[in-house]
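Novice: can't give you the sequence, but here's the structure:
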C-alpha cells in the first residue's frame, strides 16, 4: 500500500514539474551573500534558480517516465513473491527516498510542499518495511558464489571516490580556502545534495563494496539496493544536464559523457548481480549430507 501511494503521488508530483512550467522570463535575484542569481521566474519552480529548476525538471522527467513505471513493475513482481522483485522494489524506493528528501529540503517552497513531505515520509517507511521483509540469513543462499566479486565492489568504490573528489575537491574546498561561497550554492542557503551524498551515499557505497567482498548477508542486500539507485540517479543526472544545457546553463562537456557511462556500467553491474539471484533454494541431495545426518534422517 505504501509503495503504491509513493507511485501515485510520485506520478502527480513529477507530472506537475514536467508540464507545469508556465511562461515567463528569468528574474534577477540578490542572495543573502550579495550575489546576483537568475531565478526561473515562471511555473512550479519559479522561485528556484534557473539551474536548479532545470535540474529538477530533468529529474521529474526520469521519475515520471522511468521511476514510476519501474516502481509499479517491482510492486507487481514483489507481490508474486519474486526475490528479484523485492530487491528491485527496495532499490527503487531508495531512489524515491533520496529524490524527495532532496526536493523537500532543497527546493524553494511551492504549492506541492505537503506532497513532497508525504513522498519523503512514505518512501522512508515503505523502504524500511521492504527491507525488513527480506530474510538476511537466507539471502546468501540465493546468490551464486562462483563469480568474481571485484568488478561490482570496484565500481562502488570508484563511484564513492568520484563523489568525494567532485564535491569536496572541486566544489567545497577551493571556495572554502578563499573564504567564498561555492558557486553552485546560487540562491540556496546550504548544499543539501552534498550533505546527502557525502554523509549517506558515500559511506553506503564503501560499506556495500566491503560487505559484498566478504560475502556478508547485509552486503548482498545493500549492493542490490545501491546499484538500482545508482542506475536511476545516473539517468536523472543525465536528464538534468540536458535540460540545463537547453536552458542555457554553462555545463562541463565531460559531464555529458561521464554520467551516461556511469549509468550504462551500473546497468551492467546490476544485471550481473540480479542474474546471480536464484528465486528458490534447492536443497542438496541426501547423498551429499554427512553420514550422521543421513542416519538421523
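Specialist: It's in. All figures in this text were calculated on a predicted structure; none of them were measured in a lab. Numbering: from 1, shown residues only.
Novice: Which stretches in the stretch 51-200 of the chain count as strands?
Specialist: Along the stretch 51-200 of the chain, counting by DSSP state E, counting those that start in this stretch, no stretch forms strands.
Novice: Can you list the low-confidence ranges for it?
Specialist: 145-147 (pLDDT under 70).
Novice: Distance from stretch 239-252 to the middle of the chain?
Specialist: Mean-position distance between stretch 239-252 and its chain equals 20 Å (Cα atoms, centre = their mean, to the nearest Å).
Novice: May I see the buried residues of that stretch?
Specialist: 239-241, 243-244, 247, 249 (16 or more other Cβ atoms under 10 Å). No exception for glycine: its C-beta is placed from N, CA and C like everyone else's.
Novice: What of stretch 168-186?
Specialist: Quick answer for stretch 168-186 (16+ other Cβ under 10 Å): 171-172, 181-182, 184-186.
Novice: Kindly reformat the residues you listed as JSON lines containing distance to residue 210.
Specialist: Shown next, in JSON lines, are the buried residues of stretch 168-186 (distance: Cβ to Cβ, whole Å):
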{"residue": "171", "distance to residue 210": "26"}
{"residue": "172", "distance to residue 210": "25"}
{"residue": "181", "distance to residue 210": "35"}
{"residue": "182", "distance to residue 210": "31"}
{"residue": "184", "distance to residue 210": "30"}
{"residue": "185", "distance to residue 210": "33"}
{"residue": "186", "distance to residue 210": "36"}
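Novice: Now tell me what touches stretch 2-22 from outside.
Specialist: Residues from elsewhere that reach stretch 2-22, judged by Cβ atoms under 8 Å, 6 or more residues apart in numbering: 42-46, 56-57, 59-61, 63-64, 67-68, 71-72, 74-75, 89, 93, 96, 100, 103, 112, 115-116, 118-119, 122-123, 125-126, 129-130.
Novice: That should have said stretch 213-231, apologies.
Specialist: Under Cβ under 8 Å, 6+ apart, the answer for stretch 213-231 is 87-88, 90-92, 94-95, 98, 131, 134, 136-137, 139-140, 142-143, 145, 149-150, 152-153, 156, 159, 204-205, 207-212, 262-263, 266-267, 269-270, 273-274.
Novice: about what we covered before: inside helices: which ones of the buried residues of stretch 239-252?
Specialist: 239-241, 243-244 (DSSP state H).
Novice: from those, which two are the most distant?
Specialist: 239 and 244 (9.6 Å; Cβ to Cβ).
Novice: Now do the shared contacts for these two.
Specialist: residue 58.
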